[in-house]
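K.L.:
just need the structure, nothing else, for what follows:
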Amino acid sequence: MIFLLKNSSFSTIWLPIYTLNDSCYTRYFYRGLLLAELLLSILALIYSVISGYIILTTKAFHTNFNTLLAIIVLSWKFSIIGKIFLIPYSTGIFQIETGNLNSHWWTDDVTEMITVYGSLPRGILVGGVATWYYMILMSTCLFILSLERTFASIFIKNYENTRRLYLLFLIILFQQFMVLSIVYLLTYNLMKFINVLIFLIAMNFLPMLIFLGNRWFNLKIVNEFLERPEEAVRNYTLPVRFQAKENLRVFNLTVRVTVVGFIAILFALLCIITLTLEWVPSLDTFLIYCFENIVHLNPLVICPVLILSVSTWSKSLLSTRLPLLHKLTRIALQQPQLTKNAPTQQQETDTYFSQLQNVWEQKPIVS
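P.N.:
A predicted model of the protein is given here:
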């Protein structure tokens, strides 16, 4: 919603709140939905904390990638902070003195903005900024991860064996600068809606191009070891091969998460289109509820996809003993055993050294 402030140096404020003083929440049905949201939020909190802990403490990828991924997963706390502060205003528990209650999410028409006489309560500002922060951070997460993988490809010769904390620090600093800058521009309504759309599209399209480029580069290295081992040994070292395979595993993980995220975005767009075109006006509050929780409760889907996509994390998850996740993890771990056991990293190492030894033994001795 766009708030027009009559007595403030900033004339307009844009916050991600979609209803204000909604009387529908006096009904038992919508109160039940709020209770369901509370219970699912508690479950999402458990999922995100456990997932973040597993990612940080279980080495499946490079430390830099694990840290960035854990920051993204654990940032969900900003979403729940936003919910805690915004729900009282959207449901009408806390009232704001306004001139009108038009529910336009964004508008540049001053007459359609929500007029506020005085200043906005701190609660709604804190909730709005926290929600903006979470939404923008999630929108830029693929771009940030693609940058880290690009550095992994650039320094492929020794990236796996070197922590490079300065890279991690610079990436995090760049991420926070970008996110906070966009949050500031959005909160004070300094970005046009079309510019916001362009930014969001760029933050999802550009990373895909970067990941595809990294995949091509690393797949070329792996294939060279498979097809021309003698030439590969002369051009690359064993750590290069391992790093290339790790980059490909990250790409596969990213594809799974992207597919799940794309499905969620489709449902969110369907809600927005239905609201905008007013196909079912009587369900506006319900559709807004669905849209908000597609964004808010995404850890219920994203976290299991992340953890179950990496065998090391899946095995670590067994120790948590959460009934649902424990059952899903056991299923995921048992399925590969029905076909053929995949070689472990140690087996791959032994096999590769054996191949090297065979190559060296077959080389003619130059006198």
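
K.L.:
would you mind pulling the contact partners of the helix or strand that contains Phe291?
P.N.:
Using DSSP states H and E, Phe291 sits in helix 284-296. For helix 284-296, the external contacting residues (Cβ atoms under 8 Å, 6 or more residues apart in numbering) are 18-19, 22, 24-25, 30, 33, 37, 40-41, 44, 79-80, 83, 103, 135, 264, 267-268, 271-272, 274-275, 278, 280. Every residue, glycine included, has its C-beta placed from N, CA and C.

K.L.:
list buried residues within those.
P.N.:
By neighbour count, with 16 or more other Cβ atoms under 10 Å, the contacts of helix 284-296 hold 18-19, 22, 24-25, 30, 33, 37, 41, 44, 79-80, 83, 103, 135, 264, 268, 271, 274-275 as buried.

K.L.:
so Val116 bridges to which residues?
P.N.:
On the basis of DSSP bridges, Val116 is bridged to Leu5, Thr98.

K.L.:
shouldn't it be in contact with Ser11?
P.N.:
No. Between Val116 and Ser11 there is no contact under Cβ atoms under 8 Å: 10.9 Å.

K.L.:
residues shared between the contacts of these two?
P.N.:
Common contacts of Val116 and Ser11 (Cβ under 8 Å, 6+ apart): 4-5.

K.L.:
looking at the two, which is more packed in?
P.N.:
For Val116 and Ser11, the more surrounded residue by other Cβ atoms under 10 Å is Val116, and the numbers stand at 20 against 13.

K.L.:
any idea how far that one lies from Asn218?
P.N.:
Val116 sits 53 Å away from Asn218, going by Cβ to Cβ, to the nearest Å.

K.L.:
same thing with Leu226?
P.N.:
13 Å.

K.L.:
higher neighbour count, the two?
P.N.:
Between Leu226 and Asn218, counted using other Cβ under 10 Å, Asn218 has the larger neighbour count: 25 against 9.

K.L.:
helices - which of the contacts of helix 284-296 land there?
P.N.:
If you go by DSSP state H, these have 30, 33, 37, 40-41, 44, 79-80, 83, 135, 264, 267-268, 271-272, 274-275 in helices.

K.L.:
can you show me the helices along the stretch 101-250 of the chain?
P.N.:
122-154, 165-187, 193-227, 229-235, 238-276 (DSSP state H, counting those that start in this stretch).

K.L.:
quick one: closest of the ones you listed to Pro299.
P.N.:
Nearest to Pro299 among these is helix 122-154; the distance by Cβ to Cβ comes to 10.5 Å.

K.L.:
report the distance from that closest one to the chain centre.
P.N.:
How far helix 122-154 lies from its chain's middle: 8 Å, per Cα atoms, centre = their mean, to the nearest Å.

K.L.:
next: stretch 166-180.
P.N.:
That offset, for stretch 166-180, works out to 16 Å (Cα atoms, centre = their mean).

K.L.:
again with stretch 73-87
P.N.:
On the basis of Cα atoms, centre = their mean, stretch 73-87 is displaced by 14 Å from the centre of the chain it belongs to.

K.L.:
now do stretch 183-203
P.N.:
Put simply, stretch 183-203 sits 18 Å off its chain's centre (Cα atoms, centre = their mean).

K.L.:
do stretch 203-217 as well
P.N.:
Stretch 203-217 sits 16 Å away from the centroid of its parent chain (Cα atoms, centre = their mean).

K.L.:
give me the residues contacting it.
P.N.:
By Cβ under 8 Å, 6+ apart, the list of residues contacting stretch 203-217 reads 139-140, 142-143, 145-147, 149-150, 152-153, 247-248, 251, 254, 258.

K.L.:
name the nearest residue to Ser23, sequence neighbours excluded.
P.N.:
Gly92 (6.6 Å; Cβ to Cβ, 6 or more residues apart in numbering).

K.L.:
please disregard the earlier target; I meant Leu275.
P.N.:
Closest residue to Leu275 apart from its sequence neighbours, by Cβ to Cβ, 6+ apart: Leu287 at 5.3 Å.

K.L.:
burial count for that neighbour?
P.N.:
Counted with other Cβ under 10 Å, Leu287 comes out at 19.

K.L.:
re the thing from before, so where does the residue nearest to Ser23 fall, helix or strand?
P.N.:
Gly92 belongs to no helix or strand when elements are defined using DSSP H and E.

K.L.:
over to Ile96?
P.N.:
Using DSSP H and E, Ile96 sits in no helix or strand.

K.L.:
so what's it up against?
P.N.:
20-21, 89, 116, 120-121, 124.

K.L.:
farthest pair within those residues?
P.N.:
For the contacts of Ile96, and using Cβ to Cβ, no pair is farther apart than Asn21 and Leu120, which are 13.9 Å apart.

K.L.:
the two: who's more crowded?
P.N.:
Neighbour count, other Cβ under 10 Å: between Asn21 and Leu120, Leu120 has more, with 18 against 15.

K.L.:
who wins for proximity to Pro304 among the helices of the stretch 101-250 of the chain?
P.N.:
Between Pro304 and those, the tightest spacing by Cβ to Cβ is seen for helix 238-276, at 9.4 Å.

K.L.:
quick check: mean pLDDT across that closest one?
P.N.:
Mean pLDDT, computed over helix 238-276, is 86.

K.L.:
could you check the angle it makes with helix 193-227?
P.N.:
If you take axes from the mean of the first three to the mean of the last three Cα atoms, to 10 degrees, helix 238-276 sits at 150 degrees to helix 193-227.
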